[in-house]
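Asker: coordinates only, no sequence provided:
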């Protein structure tokens, strides 16, 4: 399992119930580097360097949380392509997209599992910025290897997606 969000002890405790390898990458730390580059080859190199090294045992599940919203389209394509190379066929990626909300926090949120059924979204206080409001068509264009396995609109205006590789 690859978690692209902030590491939290509750997440480790909850996921440790399952027999799996856990890898965490606070990809939010590299957002400026990814979004600030215009050369697609260099974006991909930077994305590859930010992610864990490829292993012989491929990843089954990727937790993107709300990070998708903070990547511009070229960076999103590069990150998801680099992730695909680390995953096995049929792997699943979970993501939350600000869909109906016109603005979002300046920085990605931290998501903390409360129990088997609930996750707490810890919003960092501060200014907001415009949400990209990626449509399913935008995501398909940016993530050509992935298909939408499931999607649903949440009460908070976010669209929750489960993508399959």
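Answerer: Received, thanks. Note that the structure is predicted; figures quoted are calculated from it, not measured. Residues are numbered from 1 along each chain as shown.
Asker: the longest strand that the chain contains - contacts with which helices or strands?
Answerer: Identified as the longest strand of the chain according to DSSP state E is strand 87-98. Here strand 87-98 touches strand 59-65, strand 158-164, going by 3 or more CB pairs under 8 Å, 6 or more residues apart in numbering; DSSP states H and E. The way it works is simple: take the backbone N, C-alpha and C, and place the C-beta from them, glycine included.
Asker: all helices of this protein, in order?
Answerer: For the chain, helices defined by DSSP state H occupy the ranges 9-15, 31-35, 40-50, 73-84, 136-142.
Asker: with distance to residue 60 added, can I get those in CSV?
Answerer: Formatted as CSV, the helices of the chain follow (distance: least, CB to CB, whole Å):
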stretch, distance to residue 60
helix 9-15, 12
helix 31-35, 24
helix 40-50, 20
helix 73-84, 12
helix 136-142, 21
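Asker: now residue 91: how far from residue 73?
Answerer: Distance, residue 91 to residue 73, using CB to CB, to the nearest Å: 22 Å.
Asker: so of the helices and strands packed on strand 87-98, which one's packed in deepest?
Answerer: A comparison of these by mean neighbour count, using mean count of other CB atoms under 10 Å, puts strand 59-65 on top with a mean of 20.
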